[in-house]
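> I would like the atomic coordinates for the input below:
(chains A and B)
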There are 2 protein chains.
Amino acid sequence: MRAAGGAALAALVASAVTAVALAVAAWRRARPVREVLFFPSRPCCIEALLAEAAEPGAPARPCPCPLPSGDTALSRLVRRLLSARRSLDLCLFSFSCPQLARAVQLLHRRGVRVRMVTDAQYMGMYGSQVGRLRHAGIQVRHDQHSGYMHHKFAIVDRRMLITGSLNWTAQAIQSNRENVLVVEDVEYVKAFQDEFERIWEEYNPANYIFFSKKQ
Amino acid sequence: MRAAGGAALAALVASAVTAVALAVAAWRRARPVREVLFFPSRPCCIEALLAEAAEPGAPARPCPCPLPSGDTALSRLVRRLLSARRSLDLCLFSFSCPQLARAVQLLHRRGVRVRMVTDAQYMGMYGSQVGRLRHAGIQVRHDQHSGYMHHKFAIVDRRMLITGSLNWTAQAIQSNRENVLVVEDVEYVKAFQDEFERIWEEYNPANYIFFSKKQ
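Predicted coordinates:
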């Protein structure tokens, strides 16, 4: 009797623990993302993240590069980007990091609607990934002003804002002191989404002005 | 009787309206600040804001400059800074805007503890206000690295975070597309305050390394 009672109690405790764990997991899933990433990021390999995003569930192939594949500011940023399912709106002053460009191209291939606005003076800089993204079929628009399009933000699925001081360059990621906020707060996301749509329309090539020397 | 009853009802309604107004005002005061500022800012005169902060309640003297003194992204940013009562921690890549420098100096004179960390390569650029701030007695520390100290954030009274893409330069304020978030969320403020303290200690002049050519 005593053994049976003990077993019943153990089963009860086990099911209670499972229920609590499930509730915590559900609460975590439902809780809006609030994250701060600081850079420079430790060097890391993101091949496994990209491979998993390209072919979910496929057996992992070890990468021959010597970098560790740990939890870093860069890997966290890549994970947030790769969580996009429907849309990715990029509003970036400077974009020359090949790893982030590969993540964006992968999303585009997966059918995510990617739009990008950037700065006219920086999009042609050495190492810029903008040409590569355009070549892949991603829509890119740029300004026509003397001032810089200096934003550095992304919006995932119109619900997650990624913004901060970080230009998407290898130098900034590896060497600079930088910050990135990841925010699922509706109020902030809406303000930035509205700013993106304003800029997207303003930079519509149909509105470009071509100055002629003859005039 | 009817007139007396009407007057009593009117008094009751008036006191209820006052109570609601007071409750709304208290709720507004208690509600954490959540604001997004987009730049470029319309040009504006902030003399009235600075004068009011320097001598609260003093009669306003009209400024002879032709700029309007309206509600703009710049005036909102200045108001947030001038709300500091105890401390202002600045972590700025580039600081050359004279108007913002005057606001910071005013706070310093008012007894607010101002600390600043900045980038070694940009603090000596043409128009930099860093020398002026140091001359006024404000503590400034800078990096000793090849990478940039590229943050652009301020923390008011250890409770309000002001962060974004905006360098504190006249060019950025007047000509660039930029964003600034104003956040009183404890979680975000703590993360940035911790980052500030880390950098403040790391850039302590006692830790500077002086390379000698003789070695």
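> output the contacting helices and strands for the longest helix seen in chain A.
For chain A, the helix that runs over the most residues, judged by DSSP state H, is helix A:2-30. With contacts taken as 3 or more Cβ pairs under 8 Å, 6 or more residues apart in numbering or on different chains; DSSP states H and E, helix A:2-30 sits against no other helix or strand. Placement of C-beta: from N, CA and C, glycine included.
> report the distance from that helix to the chain centre.
36 Å (Cα atoms, centre = their mean, to the nearest Å).
> what about the helices in chain A?
Going by DSSP H, chain A shows helices at A:2-30, A:47-54, A:73-82, A:98-109, A:130-135, A:170-175, A:186-202.
> can you redo these as JSON lines with mean pLDDT?
JSON lines is the format used below for these (pLDDT from 0 to 100):
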{"stretch": "helix A:2-30", "mean pLDDT": "77"}
{"stretch": "helix A:47-54", "mean pLDDT": "93"}
{"stretch": "helix A:73-82", "mean pLDDT": "97"}
{"stretch": "helix A:98-109", "mean pLDDT": "97"}
{"stretch": "helix A:130-135", "mean pLDDT": "96"}
{"stretch": "helix A:170-175", "mean pLDDT": "96"}
{"stretch": "helix A:186-202", "mean pLDDT": "97"}
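> now these in CSV, with mean neighbour count and distance to B:Arg109?
Shown next, in CSV, are the helices of chain A (neighbours: other Cβ atoms under 10 Å in any protein chain shown; distance: least, Cβ to Cβ, whole Å):
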stretch, mean neighbour count, distance to B:Arg109
helix A:2-30, 9, 48
helix A:47-54, 17, 51
helix A:73-82, 20, 38
helix A:98-109, 19, 45
helix A:130-135, 15, 47
helix A:170-175, 18, 36
helix A:186-202, 16, 34
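> save those as JSON lines, and put in distance to B:Leu82 too.
JSON lines is the format used below for the helices of chain A (distance: least, Cβ to Cβ, whole Å):
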{"stretch": "helix A:2-30", "distance to B:Leu82": "39"}
{"stretch": "helix A:47-54", "distance to B:Leu82": "45"}
{"stretch": "helix A:73-82", "distance to B:Leu82": "33"}
{"stretch": "helix A:98-109", "distance to B:Leu82": "38"}
{"stretch": "helix A:130-135", "distance to B:Leu82": "40"}
{"stretch": "helix A:170-175", "distance to B:Leu82": "31"}
{"stretch": "helix A:186-202", "distance to B:Leu82": "23"}
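> can you say which of those is nearest to B:Ala26?
Closest of the helices of chain A to B:Ala26 is helix A:186-202, at 21.1 Å (criterion: Cβ to Cβ).
> what's the closest one packed up against?
strand A:87-92, strand A:113-118, strand A:152-156, strand A:160-164, strand B:34-39, strand B:178-183.
> need those in a markdown table (columns: mean neighbour count).
Listed next are the helices and strands packed on helix A:186-202 as a markdown table, based on neighbours: other Cβ atoms under 10 Å in any protein chain shown:
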| stretch | mean neighbour count |
| --- | --- |
| strand A:87-92 | 23 |
| strand A:113-118 | 20 |
| strand A:152-156 | 24 |
| strand A:160-164 | 24 |
| strand B:34-39 | 19 |
| strand B:178-183 | 23 |
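> could I get those in JSON lines, plus columns for mean pLDDT?
Formatted as JSON lines, the helices and strands packed on helix A:186-202 follow (pLDDT from 0 to 100):
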{"stretch": "strand A:87-92", "mean pLDDT": "98"}
{"stretch": "strand A:113-118", "mean pLDDT": "98"}
{"stretch": "strand A:152-156", "mean pLDDT": "98"}
{"stretch": "strand A:160-164", "mean pLDDT": "98"}
{"stretch": "strand B:34-39", "mean pLDDT": "97"}
{"stretch": "strand B:178-183", "mean pLDDT": "98"}
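> how close does the nearest residue to A:Met116 once chain neighbours are set aside sit to A:Ala154?
Leaving aside its chain neighbours, A:Met116 sits nearest to A:Leu90 (4.2 Å; criterion: Cβ to Cβ, 6 or more residues apart in numbering or on different chains). Between A:Leu90 and A:Ala154 the distance is 5 Å, computed by Cβ to Cβ, to the nearest Å.
> ditto for A:Val114
10 Å.
> can you check A:Asp119 too?
15 Å.
> run a quick neighbour tally on A:Ser128.
17 (other Cβ atoms under 10 Å in any protein chain shown).
> nearest spatial neighbour of it, skipping sequence neighbours?
Leaving aside its sequence neighbours, A:Ser128 sits nearest to A:Ser96 (Cβ to Cβ, 6+ apart; 5.3 Å).
> same question for A:His150.
That would be B:Asn176: by Cβ to Cβ, 6+ apart, it lies 4.3 Å from A:His150.
> what about the one you found, neighbour count?
Neighbours around B:Asn176, by other Cβ under 10 Å: 23.
> surely it meets B:Phe39?
Yes - here B:Asn176 reaches B:Phe39: they are 6.2 Å apart, a contact under Cβ atoms under 8 Å.
> spit out the residues that contact those two alike.
Residues within reach of B:Asn176 and of B:Phe39 at once, by Cβ atoms under 8 Å, 6 or more residues apart in numbering or on different chains, are B:Leu166.
> wait, the residue nearest to A:Ser128 sits on A:Ala172?
No - here A:Ser96 does not reach A:Ala172: they are 9.2 Å apart, not a contact under Cβ under 8 Å.
> next one: A:Tyr188 from A:Leu100, what distance?
22 Å.
> contact residues of chain A facing chain B?
A:34, A:36, A:38, A:40, A:93, A:143, A:145-153, A:163-166, A:171-172, A:174-179, A:181, A:185, A:187-188, A:191-192, A:195, A:199 (Cβ under 8 Å from any Cβ of the partner chain).
> report pLDDT for A:Met1.
pLDDT for A:Met1: 54.
> distance of A:Pro66 relative to chain B?
Distance, A:Pro66 to chain B, by Cβ to the nearest Cβ, to the nearest Å: 22 Å.
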